[in-house]
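J.: following is a predicted model, sequence given first.
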Amino acid sequence: MNTRNILGFQLNGKNVQALPGETLLQVAQREGIEVPHLCNKAGLEPAGNCRACVVEVEGERTLAASCCRQAAAGMVVYTDSDRAVAAQTMVLELLYSDMPAQPLAIPLKTDNELAHWCRKMGIEGTRFEPRSAVPVDLSHPAITVNMDHCIQCTRCVRACREVQVNDVIGLAYRGEHAAIVFDQGDALADSTCVACGECVQACPTGALSPAKAAAHQQPDKTVDSVCPYCGVGCQLTYHVKDNTILRVEGRNGPANESRLCVKGRYGFDYVHHAQRLTHPLVRREGVPKNPVDLLDPEQVNTAFRQATWDDALALVTSTLSHIKTTHGCNALAGFGSAKCSNEEAYLFQKLIRTGFGTNNVDHCTRLCHASSVAALLEGIGSGAVSNPVMDVGQAEVIFVIGANPTVNHPVGATWIKNAVKKGAKLIVADPRRSDLARHATHFLQFKADSDVALLNALQHVIIDENLINPEFIAARTEGFNELKANVASCTPEAMAPICGISPDELRAVARLYAKSKASIILWGMGISQHTHGTDNARCLISLALITGQIGRPGTGLHPLRGQNNVQGASDAGLIPMMYPDYQHVCNPDAHQRFEALWNTRLSNRPGLTVVETIQAILAGTVKGMYILGENPAMSDPDLNHARKALAALDFLVVQDIFLTETATFADVVLPASAFPEKTGTFTNTDRLVQLGQQAIDPPGQARQDLWIIQSIARGLGLNWNYNSVEEVFDEMRHAMHSIEGITWQRLQREHAVVYPCAHEGDLGEPVVFTERFPTPSGKARLVPAQYRGAAETPNAEFPFVLITGRQLEHWHTGSMTRRASVLDALEPEPTALLHPGDLEALNIAAGSTIRLQSRRGEVQLFARADAGTPPGHVYVPFCYAEAAINKLTHAALDPDGKIPEFKYCAIAVHKK
């Protein structure tokens, strides 16, 4: 305990100490004294409404709720006096009388806290009449609502309103009629609930509980791990029985503090899906690869035969070796995955570089944040985020642009909403109105594709009104005069017609951001997925640099990472022009260093990116591929083009857990391990290296990914003998200065360590660039950007703009979440979101089938009215194979980041 300002008092006859602000319940718990409590829960503001925790304070007439009463010097407190115990017992008995007639030994919730405290206090029955029964609400696929078990502790209300800030649950009416309600008394399924499950985790009795019966079983074991979905990196605990995951609960990790979203809490049973691959598969002779009508996973045996591991691996290695010998090293390529562990990403790129002899290795970061990384490396010398998401809690101004955190990073969004409730000013800039906009001080619904015009206007105002930080600019930047000249003509009046935001609003936002003591910028793929994505990021970097809003807590630049290990996979070298730790393959020192480390001759020629590889296949220069956990047949732009390329390969080996759309083109399919079936490290968007631990075994003959990668390496003649994940991690940390100080033993002990961490024992650096930037001069480079439009714009034939992205309930290409029963029940069908006015103009009813068409393809799906989507635009998630929207998207690339323009192309909308 911090000895500063401590105060002393008596608790049950013992002298104890407390810090100012500590409650009596907190002190009692620290001293090992058990006091009944039900409305109180760590992480929630005290309410004091259940009265189960009352204690006697000497000299006071009434008993005090220990969860709310703060300790004071000289106080004499009794938790176990006759008066206190009688009151505690009476409260518990009264609450128990309202429970359904069932033995306490069989509570609805396995860890029913009311039952626990009744047993502790010796309560076996009740003298009081029960209340009238309340009907059970079974409308929701994730959560059962059984208000017969509700004690109105309001933990669910506070969890929803204060923690997740979703504002769905409330306490309605008065007195004996008081009731917990959803929205305006709706059934849960009809409410605006986003199924984060925070209320379920908070509920002490099971009035709100998981809908799945298996979740109520007692587990054989619990395993601490990390969420497999977005880049926030929430820590969680698997509850496992008979090699089956029963349920998932949030754990007190540094990025989530026990919070989860709907995917993290309920999206786990995909691992037990009937379509899991359990044996190696080899394509049957004579079965063609059809790029138009893809094979249904249920008909897997019509195109593939089961094979032994020995036979499958022999075919893989002999065929890849033959292509290499016949056509050269660069006729081979590999795609890794941002869902694989750091160790898997590291070994995969090492295999491609040393076994294939080429740098043709990439993964989906090319389709997410490649332009952001290009701009960050160019401007500040590092592609990593400068500050963690939680730094929004120390910011006066939070600027979120081109991102929808409530959908893509829901737990990260809670920290933003919490900060706003505590007084931070929020600026949200996006062509679509998201839920986060209702919390914003300024919402800038700018015209899609006009990011540079908007951001240059903000820079103009800051420079013109002398809101810059001249000391920071002089000491820590280069190129200010060129930047100033570039934005001189970008007045708010000049940019307003382009971006659609009024000059007054542009000035107000610029002043708010620049004058703040601490402003932080967070952005997403709405910034990066353009042909001018690198320019968009350059503008954001310049905003932070000219105002000195970087290098301190509550400031900085944070491109929100999409998948759970985009950061780690990139760090580990799963990109074609960089070795691990972003050491360029053309750099002679880096090239020599890795040749020595891996004891192999290496190519110093940058490899092909994801889209360039697809083009090279159709050009006939890439003949064979090894794809690990990636699904380009769903994720690439211009899917008809991409699928035609995959079908044209001489040989394709796919390593995955399902027969994905990409795997249907494979010659060999290798059954791999799902996330909960392996141990490894994963690096979240905050640069936190976290340990994910194996909870269950892979099904059938499915194997660990590291085992498969190493087996292929040995078949290609590499002398690899890694006996554990730990050995791979140890090699990684000696190859990567950024994580050199992180040991496996420390990760096992602490579960998460932030990098850079150069020496063992270092705490790591959550905030970087505090004194200098990792550039040769130590200064950041200000890079001007000029407004230019998209590669394709609407016309009379294709008058609408298509925007693609993710949705809350599903992830990426849907291979996992659409096989998770709860998530698929919540969003089972593909939908296109259009403004209600557009639907009316087109005479299309919400819920009806429509056809979307671009110059590259067409899809059919259901129309959904969405007032947040601007007129003339259509928003479609890209996770539905039956309406694969990337058939329509444009493959035009950003010249620097080589990222496709997913966020803007011209389409037509037709009534079916």
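T.: Everything's here; your move.
J.: now do stretch 747-754: distance from first to last residue.
T.: 11 Å (Cα to Cα, to the nearest Å).
J.: list the buried ones in it?
T.: Residues Leu747, His751, Ala752, Val753, Val754 are the ones in stretch 747-754 that count as buried (16 or more other Cβ atoms under 10 Å). Where you see a C-beta, it was placed from the backbone N, CA and C, and this is true even at glycine.
J.: and the gap between the second one and Ala663?
T.: In this structure, His751 and Ala663 are 33 Å apart, going by Cβ to Cβ, to the nearest Å.
J.: inside helices: which ones of the buried residues of stretch 747-754?
T.: Leu747 (DSSP state H).
J.: reformat the buried residues of stretch 747-754 as JSON lines; add pLDDT and distance to Gln306.
T.: Shown next, in JSON lines, are those (pLDDT from 0 to 100; distance: Cβ to Cβ, whole Å):
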{"residue": "Leu747", "pLDDT": "96", "distance to Gln306": "38"}
{"residue": "His751", "pLDDT": "94", "distance to Gln306": "39"}
{"residue": "Ala752", "pLDDT": "96", "distance to Gln306": "40"}
{"residue": "Val753", "pLDDT": "96", "distance to Gln306": "42"}
{"residue": "Val754", "pLDDT": "96", "distance to Gln306": "45"}
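J.: just the mean pLDDT for stretch 578-587, thanks.
T.: Averaging pLDDT along stretch 578-587 gives 95.
J.: pick out the residue closest to the middle of the protein.
T.: With distances taken as Cα atoms, centre = their mean, Cys230 lies nearest the centre of the chain, 1.9 Å away.
J.: what residues are up against that one?
T.: Taking Cβ atoms under 8 Å, 6 or more residues apart in numbering, we find Cys230 in contact with Lys263, Asn408, His409, Pro410, Gly412, Arg561, Gly562, Gln563, Asn564, Trp811.
J.: which stretches of the protein aren't confidently modelled?
T.: Residues of the chain meeting the criterion pLDDT under 70: 1-4, 101-109.
J.: and the gap between the residue nearest to the centre of the chain and Gly624?
T.: For Cys230, the distance to Gly624 equals 32 Å [Cβ to Cβ].
J.: please apply the same query to Pro431.
T.: Distance of Pro431 to Gly624, given as Cβ to Cβ: 41 Å.
J.: likewise for Pro637?
T.: 23 Å.
J.: with Asp581 instead?
T.: Note on Asp581: its distance to Gly624, by Cβ to Cβ, is 28 Å.
J.: returning to that earlier point: what pairs with the residue nearest to the centre of the chain across the strands?
T.: Listed beta-bridge partners, Cys230: Gln563 (assigned using DSSP bridges).
J.: max-length helix in this protein?
T.: helix 309-327.
J.: my guess is Val194 contacts Asn166, does it?
T.: Yes - between Val194 and Asn166 a contact is recorded at 5.9 Å, counting by Cβ atoms under 8 Å.
J.: which helix or strand contains Gly837?
T.: Secondary-structure element containing Gly837, defined by DSSP states H and E: helix 836-841.
J.: helices and strands around whichever helix or strand comes after that helix, which ones?
T.: Per DSSP H and E, helix 836-841 leads on to strand 849-853 as the next helix or strand towards the C-terminus. In terms of contacts (3 or more Cβ pairs under 8 Å, 6 or more residues apart in numbering; DSSP states H and E), strand 849-853 is packed against strand 858-865, strand 905-911.
J.: I'd like to know which elements the longest one is packed against.
T.: In this structure, strand 858-865 packs against strand 831-834, helix 836-841, strand 849-853, with contacts taken as 3+ Cβ pairs under 8 Å, 6+ apart.
J.: quick revisit: using a markdown table, lay out the buried residues of stretch 747-754 together with distance to Ala178.
T.: Supplementary listing: these in a markdown table, determined by distance: Cβ to Cβ, whole Å:
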| residue | distance to Ala178 |
| --- | --- |
| Leu747 | 48 |
| His751 | 41 |
| Ala752 | 41 |
| Val753 | 47 |
| Val754 | 45 |
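J.: shouldn't Gln615 be within a helix?
T.: Yes - assessed with DSSP: H, G, I helix; E, B strand; the rest coil, Gln615 lies in a helix.
J.: from here on, count from 18
T.: Noted, 18 is the first residue going forward, which turns the last one into Gln632.
J.: and it, what does it touch?
T.: By Cβ under 8 Å, 6+ apart, the contact set of Gln632 is Ala662.
J.: how about a cut-off of 6 Å?
T.: By Cβ atoms under 6 Å, 6 or more residues apart in numbering, no residues touch Gln632.
J.: now do Met595
T.: Counting by Cβ under 6 Å, 6+ apart, the residues that Met595 touches are His601.
J.: in which helix or strand does Leu562 reside?
T.: Following DSSP H and E, one finds Leu562 within helix 550-564.
J.: run a quick neighbour tally on Phe238.
T.: Just so we're on the same page, residue 238 is Lys rather than Phe. Using other Cβ atoms under 10 Å, Lys238 has 10 neighbouring residues.
J.: bridged to it, which residues?
T.: Counting by DSSP bridges, Lys238 is bridged to Val257.
J.: ok now stretch 698-713, how far from the chain's centre?
T.: With Cα atoms, centre = their mean, to the nearest Å as the basis, stretch 698-713 stands 12 Å off its chain's centre.
J.: before we move on, what about stretch 180-188?
T.: Its chain's C-alpha centre and that of stretch 180-188 lie 21 Å apart, by Cα atoms, centre = their mean.
J.: same thing with stretch 402-411?
T.: Stretch 402-411 has its C-alpha centroid displaced from the chain centroid by 15 Å (Cα atoms, centre = their mean).
J.: end-to-end on that stretch?
T.: Start-to-end span of stretch 402-411 (Cα to Cα) is 16 Å.
J.: ok, now stretch 188-201?
T.: The first residue of stretch 188-201 is 11 Å away from its last residue (Cα to Cα).
J.: how many residues are close by Ala387?
T.: Other residues near Ala387 come to 28 when the count uses other Cβ under 10 Å.
J.: what about it, distance to Gly709?
T.: For Ala387 relative to Gly709 (Cβ to Cβ), the value is 25 Å.
J.: equivalent analysis for Asp408, please.
T.: In this view, Asp408 and Gly709 are 24 Å apart by Cβ to Cβ.
J.: what's the first-to-last distance across stretch 865-875?
T.: Taking Cα to Cα, stretch 865-875 runs 17 Å from one end to the other.
J.: just name the closest of the buried residues of stretch 764-771 to Leu253, please.
T.: Set against Leu253, the nearest of the buried residues of stretch 764-771 by Cβ to Cβ is His768 (11.3 Å).
J.: show me what contacts the closest one?
T.: Here His768 is in contact with Leu708 (criterion: Cβ under 6 Å, 6+ apart).
J.: how close does it sit to Gln707?
T.: According to Cβ to Cβ, His768 and Gln707 sit 6 Å apart.
J.: same question, Phe675
T.: Taken as Cβ to Cβ, the span from Phe675 to Gln707 is 25 Å.
J.: between those two, which is the more surrounded one?
T.: Remark: of Phe675 and Gln707, Gln707 carries more neighbours, 29 against 22, as counted by other Cβ under 10 Å.
J.: on that earlier part again, report all helices and strands that the helix or strand just after the longest helix of the chain contacts.
T.: Per DSSP H and E, helix 326-344 leads on to strand 349-352 as the next helix or strand towards the C-terminus. When contacts are defined as 3 or more Cβ pairs under 6 Å, 6 or more residues apart in numbering; DSSP states H and E, strand 349-352 sits against strand 641-645.
J.: comparing Asp598 and Gly641, which residue is more hemmed in?
T.: Neighbour count, other Cβ under 10 Å: between Asp598 and Gly641, Gly641 has more, with 25 against 17.
J.: residues touching the more buried one, list them.
T.: Applying Cβ under 6 Å, 6+ apart, one finds that Gly641 lies in contact with Leu337, Ile340, Leu349, Asp667, Phe668.
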